[in-house]
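Trainee: Following is a predicted model, sequence given first.
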Amino acid sequence: MTSIEFTVNGKAAAVEAEADTPLLWIVREHLKLTGTKFGCGSGKCGACTVHIDDKAIRSCRVALWKVAGKKVTTIEGLNGKHPLQKAWIAEQVPQCGYCQSGQIMQAATLLATNKKPTREQIVAHMDGNICRCGTYPRIVRAIQRAAREA
Amino acid sequence: MTMHIKNGSLDTSISRRGFVSGAAGLTFAFTLGGLGRGAMALGATQQTKFNAFVSIAVDNTITIVCPAAEMGQGVLTSLPLILAEELDADWSKVTTEFAPADPKLYGNPHRVLHGAQVTAASVSVPGYFMPLRMAGAQARKVLLDAVAEKWKVPVAELTTSNSTVIHRKSKRRISYGDVVTFATIPAEPPKVSEADLKKPSQFKLIGRKDIGRVDVPLKATGTATYGIDVQVPGMVYASVLQSPMEGAKPKDVNIPDVMKIAGITKVIPLPFGVAVIGDSVEATHAGMKALKVTWDESGAEAAGFDSEKAKADYVAKGQDPNAQTIVEYKAGDAAAGISSAAKSVEAAYWSEYAYHAQMEPMNAVAQVSEDGTSADVWTGTQAGAVASTIISGILKTTPDKIRVHQQFLGGAYGRRTWPDAAIQATILSNITKKPVKLILTREEDLAAARPRPMTHHALKAGLDAKGNLVAWHHRLVSENVDAVAVPPRFKASGGKDYIGARGLDQAFYGIPNVLAEYTREIRGMRVHNWRAIGSGYNKFAAEAFLDEVAAAAGKDPLTFRLGLTKDKPRANAVIKAVAEMSDFTRKRSDHGMGIAFSDYHDTLSAGVAEVSVDTTTGKIKVHNYWLVVDPGMVIQPDNVHAQMESSVIYGLSAALIEQFAVKDGIVQASNFDNYPVIRMSDVPEIHTKIIASDNPPTGMGEIGVITVAPAIANATFQLTGKRLRHIPMTAERVQAALKA
């Protein structure tokens, strides 16, 4: 067991856990921020995507010790106010919804660096995130809408 | 326990007794049969069991219960909306909740489910449509009667609008919330009939494009609660290394090695696998990797099963005139029709095992009571009542003692019709005497896959001298899904495979002689409901083969289908519509166009695929997909379009890439690297059209899956002249076909 300190959604957090615990489980079970989802446990689906120092990262592939002193943002950190979240509702994107936190966190880093992404850029950026309900067309539309309305 | 959707929070720490403290108001305790549970006092707090569809609080909040599971298909909105329509409710004040597992109150009367509270087969809206309308109309009538008595006016002079009762003559208005301050529910609820229902032209909520789904805001903010999100005080974590095949039991287990992992408290060999209990998910999942288990396969039917090697047996059975078969559909005399035909055509088709790959791995939280005679289970399930029945058998108690607390489902597609996680979590809670949160790893979710079966199809057709299709023989060879997924029904029906045989029939094509039949392979796989069930593979074979028959008749695929459906106007209309929408008859350079038609549980559809093929790699690219459906009345148009997009993409994934083989009885896939599913870059432009009507609504959750594979196969033929008779149509298979 080790104690690691970092920032989650702007607040200081200190967690006692095994140093190699995936950040995913720290966020979900220890900090009870359950918006971040478990999909594959090996970085292949994107459901667990969070931001670490403003980069979209698969939290199932990051050991707790690696985030010491870093800034972690989860879907809860967007506070429901992010233009993408508004666009997600306007375009009625989610179906089962399970992957959508990861989709939104992934998309957010695209818009942060590219205000007007092309369709091709959107697809390239989002291709690592699986949506088994096939909401892909609406995800594209919502990202385009957020880019337009942000 | 209930979940209030509007605030999106689920406090699992408060209640484990199913106790609901509701707002003061009226609960309309109408069952589907229209029976009430008697008078309720004004201002009563809702107590104990939730056996009602609708309640109205003095603050005008209306709570409507959704009897079906929400897995992305939108029923948490569409079902309450149907009731709200007849209640003339102010939709902005409606809160929706999941019903508990109680088939007597909440069972689906649709002919496919006959009263079971199972969310499957795209029959939630069709099955609950009339009962919910009646329940809404009945509640409205109680309100009207109460106001008529209070104001001493004839009830016929009262109207309603937007949660308000109106008396035009005296220009008086009263909100539903105010009515419940004086209304009581009569012991004998007023009778309503279809004549009391609105005409479709009077609908204010049904058919509206601007009413969004109630769960979307929760899912856009990470606040929707799935089974995997539930936490209960004092709970321990568990994962289960699943028996690699049904009936295999753990023999040797390296328990001491696994116990060395920090945080692991127990390793328990069980008939269905090896459970690892611990203080954290990370500990139990590390335990999964560390476990080394040898299995006793003596009780496993699948022991030694090799799906590749078995194919020769399937082919033989497809041709065997003495094979034992069950007839699914018959018209005239197919054998005579084929033998006397001017021309006959034959072909064999295949589909492989496919996994649901729902994004939320199977999980459940269970807490068995101290005396072991009751339990609370939190999970997202398509079959909560099935779970409570099975679990009550394990705990030697009655189903009402098993409270299944429905959560959102992180994908289902049929996988969550089997409540294995709920069963396993309950067994583990009973052993550990603690609440247990069971989360399968993705690898274990795949090891415990309940797949769509591998299928073989032997097809023959006969044409007369004019090229008319006069005879059709379709024999399906596969494991029978009902035998595994719904054993009581399988037994009661004398071995009929309802699930596996869907789509074998030819009810919409005017073919004088048809025999559609199936055989039973017993291979021990856990075959199950998989989105669109049998129609997914049976219509692939039938609709792709129909293109072969059309070619043999010298006719184009569109004209051929239009001729076959000339006496079925609704079927004819969807085919015509999709042809127009896709400009089907216009030849594209370097692209092929293919068409297919299918029905599914009363919904009709036709699809067109536009494809190109990379002749070097064999990879098919689908550029456009057009889908037209006739689902009768449409409750939520935007959601219907969403379901069409969703099912086309699910169908594309199955058509092009999804499969696993079985070796030594073991699923040969473990995660998304070796079981890939479709990603954004392979999704075509999808064009959807609804042919709506005032006919009763039929289902929309699966229909779009079905036409995709045959339309792609047919499009590829138009482009390359090569037939693809095996799904998934992987690059390797296409390459092989191109070289053949």
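Mentor: Cool, the structure landed.
Trainee: Give me the pLDDT value at residue 121.
Mentor: I'll assume chain A. What the model reports as pLDDT for A:Q121 is 98.
Trainee: Hmm, no, I was thinking of chain B.
Mentor: 96.
Trainee: Ok, A:A68 next?
Mentor: Here the pLDDT value assigned to A:A68 is 98.
Trainee: Give me the three-state assignment for the nearest residue to it once chain neighbours are set aside.
Mentor: Across the structure, with C-beta to C-beta, 6 or more residues apart in numbering or on different chains as the measure, the residue nearest A:A68 apart from its sequence neighbours is A:I4 (5.0 Å). (C-beta placed from N, C-alpha, C; glycine too.) Reducing the assignment to helix, strand or coil with DSSP: H, G, I helix; E, B strand; the rest coil, the entry for A:I4 is strand.
Trainee: surely A:I4 meets A:V67?
Mentor: Yes: with contact defined as C-beta atoms under 8 Å, A:I4 reaches A:V67; the gap is 6.9 Å.
Trainee: Could you check which of these two is surrounded by more residues?
Mentor: Between A:I4 and A:V67, counting by other C-beta atoms under 10 Å in any protein chain shown, A:V67 is the more crowded of the two (25 against 21).
Trainee: Number of residues surrounding the closest residue to the more buried one other than its chain neighbours?
Mentor: Counting by C-beta to C-beta, 6+ apart, the nearest residue to A:V67 once its immediate chain neighbours are dropped is A:F6, at 4.7 Å. By the measure other C-beta under 10 Å, the count of residues near A:F6 is 19.
Trainee: list the contacts for A:F6?
Mentor: When the contact criterion is C-beta atoms under 8 Å, 6 or more residues apart in numbering or on different chains, the partners of A:F6 are A:13, A:15, A:67-72.
Trainee: That one pairs with what?
Mentor: Beta bridges link A:F6 to A:A13 when assigned by DSSP bridges.
Trainee: again with B:L241
Mentor: Assessed by DSSP bridges, B:L241 has beta-bridge partners B:V274.
Trainee: Correct me if wrong: it contacts B:D445.
Mentor: No: distance between B:L241 and B:D445: 11.8 Å, which falls outside the contact criterion (C-beta under 8 Å).
Trainee: ok, the residue nearest to A:V67 to A:A14 distance?
Mentor: Separation of A:F6 from A:A14 (C-beta to C-beta, to the nearest Å) stands at 8 Å.
Trainee: and B:P217, which of the three is it?
Mentor: With three-state DSSP as the criterion, B:P217 was assigned helix.
Trainee: Not counting sequence-adjacent ones, nearest residue to it?
Mentor: A:I89 (5.6 Å).
Trainee: which one is the residue of chain A found nearest chain B nearest to, not counting chain neighbours?
Mentor: Nearest residue of chain A to chain B, counting by C-beta to the nearest C-beta: A:G35, 2.1 Å away. Using C-beta to C-beta, 6+ apart and skipping residues adjacent in sequence, the residue nearest A:G35 is B:G222, 2.1 Å away.
Trainee: Could you measure from A:E120 over to A:T21?
Mentor: 37 Å.
Trainee: oh sorry, the question was meant for B:I703
Mentor: Taking C-beta to C-beta as the measure, B:I703 and A:T21 are separated by 44 Å.
Trainee: Also B:V276?
Mentor: Look at B:V276 and A:T21: by C-beta to C-beta, they are 16 Å apart.
Trainee: neighbour-wise, which of these two wins?
Mentor: B:V276 (29 against 25).
Trainee: so that one sits in a helix?
Mentor: No: checked against three-state DSSP, B:V276 lies outside a helix; its state is strand.
Trainee: for it, what are its contacts?
Mentor: Contacts for B:V276 were tallied using C-beta under 8 Å, 6+ apart; they are B:238-241, B:258, B:264, B:266-268, B:283-284, B:287-288, B:291.
Trainee: what do you get for B:K219?
Mentor: With contact taken as C-beta under 8 Å, 6+ apart, B:K219 is in contact with A:94, A:97, A:100, B:408.
Trainee: Among the residues you listed, which pair sits farthest apart?
Mentor: Maximum pairwise distance among those (C-beta to C-beta): 11.4 Å, between A:Q100 and B:F408.
Trainee: who has more neighbours, those two?
Mentor: Remark: of A:Q100 and B:F408, A:Q100 carries more neighbours, 32 against 27, as counted by other C-beta under 10 Å.
Trainee: ok, for that one, nearest residue in space, not its chain neighbours?
Mentor: A:P94 (4.6 Å).
Trainee: Got the confidence number for the one you found?
Mentor: Model confidence at A:P94, expressed as pLDDT, equals 98.
Trainee: In a strand, it, correct?
Mentor: No: membership of A:P94 in a strand is not supported by three-state DSSP, which gives coil.
Trainee: residues near it, how many?
Mentor: Counted with other C-beta under 10 Å, the neighbours of A:P94 add up to 30.
Trainee: From A:Q85, how far off is the residue of chain B found nearest chain A?
Mentor: Closest to chain A within chain B is B:G222: 2.1 Å, counting by C-beta to the nearest C-beta. Applying C-beta to C-beta, the value for B:G222 to A:Q85 is 9 Å.
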